[in-house]
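Q: Could you work out the structure for the sequence below:
(one chain, ligands or ions: 1)
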Amino acid sequence: MAAPTKPIQILFVGAGAVGCFYASRLHSPAQNIHVSLVCRSNYTAIASSGVHLQTHSFGNYTFTPSAVYSSIADAASKAPEGGWDYIVVTTKALPDVTDDSEDIAPLVEAGGDGKSAIVLIQNGVGVEEPHRKRFPKNPIVSAVTIISAEQISQGTVRQNRWTRISCGAYSDGLGGKTSAALALCKRGDEAVNALVNLWKTVGDIKDAEAYSEVDLQIVRWHKICINASMNPSAVLAGGIGNSEMSLDPDLREHLKACMEEVFDAAPKILGKPFPEKLAKPELILKSTERNTGGRPSMLVDWESGRPMELEVILGNPVRIAKRHAVEMPRLQSLYALLKSAQRQREAKKKLAKL
Ligand SMILES: CC(C)(CO)C(=O)C(=O)O
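A: You can find the predicted model right below:
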């Protein structure tokens, strides 16, 4: 790729495993592409020696970001002239705990009216809406990844398997039903195509994919099959990984039934079937068998005492389905059980502090 004459400035908010991996596949100062990170607990490690990546797909390497910030306020106070072209949010989607759109507002404002594209690489459904409401003029890129990766120590990220990232614009969730939404969708599509092209050419991610707005929502629901079955079950099954679960006959039957629930519900909600090219439950389980060592993010969060992405992975899908008169009883049970477990744990933590 010929180096752009104007620098491309990209900021990742969230330097966990997913953020560090995809940031490292875009950063290329020689090609005038400058990627910076907003870190939290791993700030000191990354600011002093970068991110060490141990990857299944690209070997081992170190990624030294253009700048490392200790907070959003720190980044906003040192924004490049004209702000960032892309602000990529890779934090956990926890609408019950924080409003990401409010958090990133100082970064978006640094770019001026409607300039920065907001990229959301997050699990679940319904994650775009708060950003759409707060930033009516900014293009939004909604992105779904199936990567299996973990931060094994501060600043060291291990990618176990898979690189696929699917991106689509988000205007009104329907592909632009008014002229204003259609204009936003067009700008979103441009941002999607440019970013996917960078991941492919600079980052060598062959399965970075561009989708239309509605088709990307289908991909989000397909990912729900995986996240809503594997992630909560790994916690409730006592802390075991996806491969082990898919090899256990009873758990496999349960996982498959959860996935089938989503497979039945999603086309009724979206008014469109899942395309043939998206893997069916049996194939997802088969390919998960090989991902030994891969542990779902929800299990990692639960074991570290952090809040889990229950609302975007279980709560929103169950509520959206109900609005379409579709019941998802297995997902509803997983949601109710884990929400209660999380509440009990938080109550115990509060008591212990008294
Ligand atoms: C690894 C994978 C694909 C499924 O559990 C995931 O998305 C997650 O853990 O959040």
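Q: Tell me the residues of the chain that contact the ligand?
A: The chain has residues 123, 146, 148, 226-227, 230-231, 242, 294, 296-297 near the ligand, with proximity defined as CB under 6 Å from any ligand atom. C-betas here are computed from N, CA, C, even on glycine.
Q: Sort out which residues of stretch 172-182 are buried, please.
A: 172-173, 175-176, 181 (16 or more other CB atoms under 10 Å).
Q: do stretch 193-210 as well
A: Those would be 194-196, 198-200, 202-203, 205, 208-210, for stretch 193-210 by 16+ other CB under 10 Å.
Q: What about these, which are in helices?
A: Among the buried residues of stretch 193-210, the ones falling in helices (DSSP state H) are 194-196, 198-200.
Q: who does the helix or strand hosting residue 109 touch, helix- and strand-wise?
A: Assigned by DSSP states H and E, residue 109 falls within helix 100-110. On a contact count with 3 or more CB pairs under 8 Å, 6 or more residues apart in numbering; DSSP states H and E, helix 100-110 meets strand 8-13, helix 72-77, strand 86-89, helix 129-134.
Q: Could you dump these into JSON lines and include mean pLDDT?
A: Below are the helices and strands packed on helix 100-110 laid out as JSON lines (pLDDT from 0 to 100):
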{"stretch": "strand 8-13", "mean pLDDT": "98"}
{"stretch": "helix 72-77", "mean pLDDT": "98"}
{"stretch": "strand 86-89", "mean pLDDT": "98"}
{"stretch": "helix 129-134", "mean pLDDT": "96"}
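Q: need these in a markdown table with mean neighbour count, can you?
A: As requested, the helices and strands packed on helix 100-110 are arranged in a markdown table below (neighbours: other CB atoms under 10 Å):
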| stretch | mean neighbour count |
| --- | --- |
| strand 8-13 | 26 |
| helix 72-77 | 16 |
| strand 86-89 | 24 |
| helix 129-134 | 16 |
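Q: In JSON lines: the ones you listed, plus distance to residue 166.
A: Formatted as JSON lines, the helices and strands packed on helix 100-110 follow (distance: least, CB to CB, whole Å):
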{"stretch": "strand 8-13", "distance to residue 166": "18"}
{"stretch": "helix 72-77", "distance to residue 166": "27"}
{"stretch": "strand 86-89", "distance to residue 166": "15"}
{"stretch": "helix 129-134", "distance to residue 166": "18"}
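Q: hang on, the earlier thing: dump the buried residues of stretch 172-182 to a markdown table, plus pLDDT.
A: Output for those, formatted as a markdown table (pLDDT from 0 to 100):
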| residue | pLDDT |
| --- | --- |
| 172 | 91 |
| 173 | 88 |
| 175 | 89 |
| 176 | 87 |
| 181 | 94 |
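Q: Provide the secondary structure category for residue 295.
A: Following DSSP: H, G, I helix; E, B strand; the rest coil, the label given to residue 295 is coil.
Q: Hmm, residue 234 and it touching each other?
A: Yes - here residue 295 reaches residue 234: they are 6.8 Å apart, a contact under CB atoms under 8 Å.
Q: ok, those two, which is more surrounded?
A: More crowded of residue 295 and residue 234, by other CB atoms under 10 Å: residue 234, with 26 against 21.
Q: Tell me if I am right that the more buried one is in a helix.
A: Yes - counting by three-state DSSP, residue 234 is found in a helix.
Q: residues contacting it?
A: Contact partners of residue 234, counting by CB atoms under 8 Å, 6 or more residues apart in numbering, are 240-242, 245, 295-296, 298-299.
Q: ok so, going back, in helices, which of the residues of the chain next to the ligand appear?
A: Short answer: those in helices (DSSP H) are 226-227, 230-231, 242, 297.
Q: give me phi/psi at the residue nearest to residue 202 when sequence neighbours are not counted?
A: With sequence-adjacent residues excluded and distances taken as CB to CB, 6 or more residues apart in numbering, residue 202 is closest to residue 28, at 4.9 Å. Backbone torsions of residue 28, given as degrees, to the nearest 10, read phi -160, psi 80.
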